[in-house]
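[1] Predicted model and sequence follow; I will ask about them next.
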Amino acid sequence: MAFYKISNPTDHRICVVMVGLPARGKTFISQKLVGYLSWLSIKAKCFTFADFRRKCGHLSPHALEFNKNTGVINEGVESNDEDEDEEVIEEQALEQIRKWFQSENGVIAVLDDTNITSNRRRSIIEFCQKNNIQPIFVESWSEDEDFVQCNVKDMGRKSIEYKHMDPLEAKQKVMENINKFKKNYEPLDFEKDSDLTFVKLNSGSKEILINKIQTYLQSKIVFYILNLDLKPRCIWLSRHGESLYNLEQKIGGDSLLSKRGEKYSSKLPAIVKESAGLKEKDIVVWTSTLKRTQQTAQYLTNKKLQWRALDELDAGICDGMTYEEIEEKYPDDFQARDENKYEFRYRGGESYRDVALRLEPVIMELERQENILIITHQAVLRCIYAYYMNIPQEQSPWVSIPLHTLIKIEPRAYKTKVTTIKANIPAVSTYKVKGTSHVGEAEDVYTKPYGIIKDTSS
Ligand SMILES: O=P(O)(O)OC[C@H]1O[C@@](CO)(OP(=O)(O)O)[C@@H](O)[C@@H]1O
């Protein structure tokens, strides 16, 4: 079920059109925006023209050849008539967007390409007008050497166009490409483009210019982009230490930590220090308002902030019960929750969807901040983890977030890196296995593929 429902979808179709030279953070913005909208249940998709060109057998002007039979990209094959090919490819790519809006009832398409000429942008506007789509142009502009070089490095290492190359060669190619595009670049202009809806970002969020934002959805998109800080940063996630309720397999409540939970809290500062390599003043600790998270943060001397929005999912009438008791007393509710855990709302309490919605200001603030350690609860961390890792909503309540484990997240344009650091302090499992009232080993399908697991000696 989509949360964002509209009576006539064609009235609300938006195409976010990225504008800018390579290595200006366009892919990062596009991916983050689509992840955020999907997390809010707004149907969104990113269309990367480079992908499409590759599939068509060209990567003009990057001069690569895609072998459709083997899937291998070969270097050095130039197209004979680049301009003509490019036009056809662009048309076909826009056609993909039109089809997606129509067949999938899409709401927001993000077009991740350079779109650096006024002509190109005008042809996109024409396409949008024909198809009842509102275009918003998002230009990422920068002459800041550090900003550009940081993106060049990221592109060289991770982008499919360059990652097969030697790092130096990749860097050189990206720079060549930037210079090639620079010659034709026509930035968005307040006078010439006064009729367009656009946002112009200078080196991320250093300076922002906005023109003609008109609808609620447009302002939501723009507000999110304005809060995005493109600088590399880390987020650490930890559950509180094992609690007395965890030992008794009871959910909710506001209990204190067990002895092993206490041990985790005293070890946490050293684990964070080792993982971060930063001074304490450079990491801010966010906790919920519940005792078990504050007790876990007690030995951290960093600046701390409590958020009510980080409190655990409210289990309503089931608060303080074990899963076995819930199954016995409310068998229908127990089964309904297993069938659709994301949507199920405890009587007098919350669903995972409710938690995600109340977390929106936390997410927005996280995007503005640099290095944050969040100490909170199982359900809340699942929602935050799902946001960073683009985990489908229906799967997010089943993600494994074990106790006494620090998760380090490094969001990047091409892939988010996750490192799982185990404290080596035993704790009970609180993972409720689907279809039973038992807690046990998680299937862990969503944590394992991403994580590099590190153990700390006890
Ligand atoms: O959604 P499920 O899997 O029930 O997990 C959420 C539960 O996790 C618990 C532990 O069982 O969280 P936490 O100990 O992190 O506060 C409960 O309080 C909470 O209701």
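    Good, I have the coordinates.
[2] Name the SS class of S123, please.
    Three-state assignment for S123 (DSSP: H, G, I helix; E, B strand; the rest coil): helix.
[3] Which of the helices or strands spans the closest residue in space to it that isn't next to it in sequence?
    Residue nearest to S123 in three dimensions, not counting chain neighbours: E90, with 7.5 Å by C-beta to C-beta, 6 or more residues apart in numbering. To be clear about C-beta, it is placed using only N, CA and C from the backbone, and glycine gets the same treatment. Assigned by DSSP states H and E, E90 belongs to helix 82-104.
[4] just F47 next, same as before
    Counting by DSSP H and E, F47 is found in strand 44-48.
[5] helices and strands around that strand, which ones?
    helix 26-39, helix 82-104, strand 108-112 (3 or more C-beta pairs under 8 Å, 6 or more residues apart in numbering; DSSP states H and E).
[6] Which elements pack onto the longest one?
    On a contact count with 3+ C-beta pairs under 8 Å, 6+ apart, helix 82-104 meets strand 44-48, helix 49-56, strand 108-112, helix 118-130.
[7] ok, the residue nearest to S123 - contacts?
    Shown in contact with E90 (C-beta atoms under 8 Å, 6 or more residues apart in numbering): 49, 120, 123.
[8] From those residues, pick the one nearest D166.
    Among the contacts of E90, F49 lies closest to D166 (C-beta to C-beta), at 25.7 Å.
[9] what's downstream of the lengthiest strand in the chain, the next helix or strand?
    Secondary structure of the chain per DSSP state E: the longest strand is strand 134-141. Scanning forward in sequence from strand 134-141 by DSSP H and E, the next helix or strand is helix 145-158.
[10] helices or strands up against that next one?
    Checking 3+ C-beta pairs under 8 Å, 6+ apart, helix 145-158 ends up next to helix 167-182.
[11] average pLDDT across the helix it packs on?
    The pLDDT scores in helix 167-182 average 87.
[12] contacts for that helix?
    21-23, 61-62, 114, 116, 148, 152-153, 155-157, 162-163, 165.
[13] Contact partners for the closest residue to D144 other than its chain neighbours?
    Excluding the flanking residues, the one nearest D144 by C-beta to C-beta, 6+ apart is S203, at 4.4 Å. By C-beta under 8 Å, 6+ apart, the contact set of S203 is 141-144, 147.
[14] among those, which one has the lowest pLDDT?
    Among the contacts of S203, F147 has the lowest pLDDT, at 81.
[15] how deep is that residue tucked in, by neighbour count?
    Other residues within reach of F147, judged by other C-beta atoms under 10 Å, total 20.
[16] One more: D195?
    8.
[17] Next one, pLDDT for it please.
    So D195 comes in at 93 (pLDDT).
[18] before we move on, could you check phi and psi at the residue nearest to D144?
    As for S203, its main-chain torsions (degrees, to the nearest 10) stand at phi 50, psi 60.
[19] which ones are touching L373?
    Taking C-beta under 8 Å, 6+ apart as the test, what L373 contacts is 235-238, 272, 283-286, 300, 302.
[20] Am I right that it is in a helix?
    No - counting by three-state DSSP, L373 is not part of a helix but strand.
[21] quick one: it from V16, how far?
    L373 sits 32 Å away from V16, taking C-beta to C-beta, to the nearest Å as the criterion.
[22] Could you export stretch 326-333 as PDB, CA atoms only?
    Extracted in PDB, the C-alpha atoms of stretch 326-333 (Å, rounded to 0.1, in the frame of the first residue of the first chain):
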ATOM      1  CA  ILE A 326       0.800 -11.700  23.200                       C
ATOM      2  CA  GLU A 327       0.300 -14.900  21.100                       C
ATOM      3  CA  GLU A 328      -1.900 -16.400  23.900                       C
ATOM      4  CA  LYS A 329      -3.900 -13.300  24.700                       C
ATOM      5  CA  TYR A 330      -4.200 -11.700  21.300                       C
ATOM      6  CA  PRO A 331      -3.700 -14.500  18.700                       C
ATOM      7  CA  ASP A 332      -5.300 -12.600  15.800                       C
ATOM      8  CA  ASP A 333      -3.200  -9.500  16.400                       C
END
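[23] Now the weakest link among the helices and strands packed on helix 82-104, please, by mean pLDDT.
    helix 49-56 (a mean of 68).
[24] coming back round to it: restrict the contacts of helix 167-182 to the buried ones and give me that as a ChimeraX selection.
    A single ChimeraX command selects the buried members of the contacts of helix 167-182 (16 or more other C-beta atoms under 10 Å):
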select :21,22,23,62,114,116,148,152,155,156,157,162,165
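[25] Which residue does the stretch 1-150 of the chain have closest to the ligand?
    W39 (17.5 Å; C-beta to the nearest ligand atom).
[26] Run a quick neighbour tally on that residue.
    There are 22 residues near W39, going by other C-beta under 10 Å.
[27] I'd like to know which of the contacts of E90 are buried.
    Members of the contacts of E90 classed as buried by 16+ other C-beta under 10 Å are 49, 120, 123.
[28] Could you measure from the residue nearest the centre of the chain over to V199?
    For the chain, the residue sitting closest to the mean C-alpha position, by C-alpha atoms, centre = their mean, is Y388 at 3.8 Å. According to C-beta to C-beta, Y388 and V199 sit 23 Å apart.
[29] got it, and D146?
    Taking C-beta to C-beta, one finds D146 at 22 Å from V199.
[30] So between these two, which is more surrounded?
    It is V199, of D146 and V199, that has more neighbours when counted by other C-beta under 10 Å, with 23 against 10.
[31] residues contacting the more buried one?
    136-139, 208-211, 213, 222, 225-226.
[32] Next: T296.
    Contacts of T296 (C-beta under 8 Å, 6+ apart): 238, 240-241, 257, 261, 264-265, 268, 287, 375.
[33] among those residues, which are in helices?
    261, 264-265, 268 (DSSP state H).
[34] Identify each buried residue in stretch 272-279, please.
    272, 275-276.
[35] What does whichever residue of the stretch 201-350 of the chain sits closest to the ligand show for phi and psi?
    Residue nearest to the ligand within the stretch 201-350 of the chain: I251 (3.5 Å; C-beta to the nearest ligand atom). Backbone geometry at I251, expressed as degrees, to the nearest 10, gives phi -100, psi 160.
[36] hang on, isn't it packed against I317?
    No - contact criterion C-beta atoms under 8 Å: I251 and I317 do not qualify, at 11.6 Å.
[37] Can you name the residues of the protein that neighbour the ligand?
    The chain comes close to the ligand at residues 239, 243, 246, 251-252, 312-313, 315, 377-379, 397, 430, 432, as judged by C-beta under 6 Å from any ligand atom.
[38] now those residues as a markdown table including pLDDT, secondary structure and neighbour count?
    Below are the residues of the chain next to the ligand laid out as a markdown table (pLDDT from 0 to 100; DSSP: H, G, I helix; E, B strand; the rest coil; neighbours: other C-beta atoms under 10 Å):
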| residue | pLDDT | secondary structure | neighbour count |
| --- | --- | --- | --- |
| R239 | 98 | strand | 29 |
| S243 | 98 | strand | 28 |
| N246 | 98 | helix | 26 |
| I251 | 98 | coil | 22 |
| G252 | 98 | coil | 20 |
| E312 | 98 | coil | 24 |
| L313 | 98 | coil | 23 |
| A315 | 98 | coil | 20 |
| H377 | 98 | coil | 22 |
| Q378 | 98 | helix | 21 |
| A379 | 98 | helix | 22 |
| P397 | 96 | helix | 26 |
| T430 | 96 | coil | 22 |
| K432 | 94 | strand | 22 |
